[in-house]
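> here is a sequence with its predicted model. Questions after.
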Amino acid sequence: MEGWKSYKLSDVAYLTTGFPFDGHKYAKEGIRVVRGDNVTIGSLRWDTDKDKRWNEPFSRADEFTLQDGDIVIGMDGSRVGKNRALISKADLPLLIAQRVACIRHKDISCQEFLYYQIFSERFVEYIKAVQTGTSIPHVSLKQIGDYPILLPSIDEQIRIARVLRSLDDKIVLNNRINHNLEEQTQTLYKSWFIDFLPFSDCRLINSEIGPIPEGWSVTNLLDVASLYDSKRKPLSGKERDQMAKRYPYYGATSVMDYVDNYIFDGTYLLMGEDGSVMTENGFPYLQYVTGKFWPNNHAHIMQGKNGFSTELLHCALLRKVIKPSVTGAVQAKISQANMRKILFPCPPKTILREFDTIIQKIYDEKRSIKSQNSTLSMIRDNMLPQLMSGQITI
């Protein structure tokens, strides 16, 4: 650890927070505003139902505009301190709202090295120890600035960040590959089940979902999906905080946390049940999950049946407009009863098997890539605290 020195975060970085935008004036067009619920672990994910933009004249825009490489941290809510992201050039332009902290390095520090310091579990534990508030936990800018860190020379910081970033870059690349594979399955599904291109010689007959090939039928979601909602068991944030971080804990749209046990082990499809249930385009929030995991009670847990594999079910639902099946003025919900209103074309089982044989090869590759990402994440997370404390060197 020769050459490493102790600092507070505020000694080596500029810390600011955002502007108190009037929530009633947010628009669908304009510059995106980073708010607490925009910030997720590791990156920005723009949920269209949470996406807010500013389209009013704003004289202080320069003061509250984020830059490439800025680190943002959510300062309120159940995931305070866990919500962290590194802004990339592709995200810009962005404005920052109040109760989101922005961290920008000084000359003594490397921005990416600071990001990995803040990405560490040590930072999460620090925030957990200093946060205040019981119903809505929150942390101040000063508390974030008091976070103690160790810094080596700039050259060493750059070397350490480069190693960690190479792992993250590979994870990002793998995610892009998987996205492309998913697009392939969607193209295939549309060709077979919507445009009926392989069956152009078949006579089309009318049905409640429009023309379908003769010999096909119409089925509903619960006729082709086994439901395991009764096995769900929600855990409070306080309960999760006491647990080792081993297995993913899923909410309606994403991994919310990690816990020390699991309820399910296998391949399942999760679909948002209440709260966040559909995108702006009316498509359902879906999570194709493999391995051991624990879901809360805000997502339906399903597997395919009656000739529909879980993978085919995933294909069928990805671009299925479910808005007519969603109820609730204040909080959107898809009840089990309304799942029967979600309809699909159903060909003979020989066609189902033929299509499934094709897509299983694609899903095998997707699962392999996801497994590789899990290994890369584990390597990164194991190396991170040792590199950040000088226990191992590059």
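It's in.
> gap between stretch 240-254 and the chain center?
In terms of Cα atoms, centre = their mean, to the nearest Å, the centre of stretch 240-254 is set 13 Å apart from its chain centre.
> in it, what's buried?
R240, M243, Y247, P248, Y249, Y250, G251, A252, T253, S254 (16 or more other Cβ atoms under 10 Å). From N, CA and C alone the C-beta is placed, and that goes for glycine too.
> what residues of stretch 130-150 count as buried?
By 16+ other Cβ under 10 Å, the buried positions in stretch 130-150 come out as Q131, P137, V139, L141, Q143, I144, G145, Y147, I149.
> for the residues you listed, work out which two are farthest apart.
Based on Cβ to Cβ, the longest span within the buried residues of stretch 130-150 runs between P137 and I149 and measures 22.2 Å.
> about what we covered before: out of the buried residues of stretch 130-150, which are inside helices?
Per DSSP state H, helices hold the following members of the buried residues of stretch 130-150: L141, Q143, I144, G145.
> tabulate these (a markdown table), appending pLDDT and distance to K190.
Output for those, formatted as a markdown table (pLDDT from 0 to 100; distance: Cβ to Cβ, whole Å):
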| residue | pLDDT | distance to K190 |
| --- | --- | --- |
| L141 | 94 | 49 |
| Q143 | 96 | 51 |
| I144 | 96 | 47 |
| G145 | 96 | 52 |
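> residue ranges with poor pLDDT in the chain?
Scanning the chain for pLDDT under 70 picks out the ranges 1-2, 40-50, 78.
> show me the helices in it, by range?
Under DSSP H, the chain gives helices at 9-12, 111-119, 121-130, 141-145, 154-189, 237-241, 310-318, 336-339, 349-389.
> how far out from the middle of the chain is the last one?
Average the C-alpha atoms of helix 349-389, do the same for its chain, and the two points are 15 Å apart (Cα atoms, centre = their mean).
> does anything pack onto that helix? Which helices or strands?
If contacts are counted by 3 or more Cβ pairs under 8 Å, 6 or more residues apart in numbering; DSSP states H and E, helix 349-389 sits against helix 111-119, helix 121-130, strand 148-151, helix 154-189, helix 310-318.
> cool, and the second one?
Contacts of helix 111-119 with other secondary structure elements, assessed using 3+ Cβ pairs under 8 Å, 6+ apart, are made with helix 9-12, strand 71-74, strand 84-86, strand 100-105, strand 148-151, helix 154-189, helix 349-389.
> apply 6 Å and report the result again.
Here helix 111-119 touches helix 154-189, going by 3 or more Cβ pairs under 6 Å, 6 or more residues apart in numbering; DSSP states H and E.
> any idea what the residue lying closest to D274 once chain neighbours are set aside is bridged to?
Excluding the flanking residues, the one nearest D274 by Cβ to Cβ, 6 or more residues apart in numbering is K333, at 4.3 Å. Note on K333: beta-bridge partners by DSSP bridges are D274, T327.
> wait, K333 sits on G275?
No: applying Cβ atoms under 6 Å, one finds K333 not in contact with G275, separated by 8.2 Å.
> find residues that contact each of those two.
Common neighbours of K333 and G275 (criterion: Cβ atoms under 6 Å, 6 or more residues apart in numbering): none identified.
> report the separation between K52 and L92.
Counting by Cβ to Cβ, to the nearest Å, the gap from K52 to L92 is 16 Å.
> quick check: phi and psi at the most centrally placed residue in the chain.
Centroid check for the chain by Cα atoms, centre = their mean gives S254 as the closest residue, at 4.8 Å. Dihedral angles of S254 (phi, psi; degrees, to the nearest 10) stand at phi -170, psi 180.
> make 43 the starting number, not 1.
I'll keep to 43 as the first residue from here, and by that count the last item is S296.
> go through the helices of the chain and pick out the most buried.
Comparing the helices of the chain by mean neighbour count (mean count of other Cβ atoms under 10 Å), helix 153-161 ranks first with a mean of 24.
> for G257, give me its contacts.
Applying Cβ under 6 Å, 6+ apart, no residues contact G257.
> for K94 and L134, indicate the residue with more neighbours.
More crowded of K94 and L134, by other Cβ atoms under 10 Å: K94, with 21 against 14.
> nearest spatial neighbour of the more buried one, skipping sequence neighbours?
Going by Cβ to Cβ, 6+ apart, K94 has Y68 as its nearest residue, at 4.1 Å.
> do the same with F241
Using Cβ to Cβ, 6+ apart and skipping the chain neighbours, the partner closest in space to F241 is P255 (4.7 Å).
> quick check: bridge partners of the one you found?
Where P255 sits in a bridge, its partners, by DSSP bridges, are L246.
> residues in contact with it?
P255 neighbours (Cβ under 6 Å, 6+ apart): F238, F241, C244.
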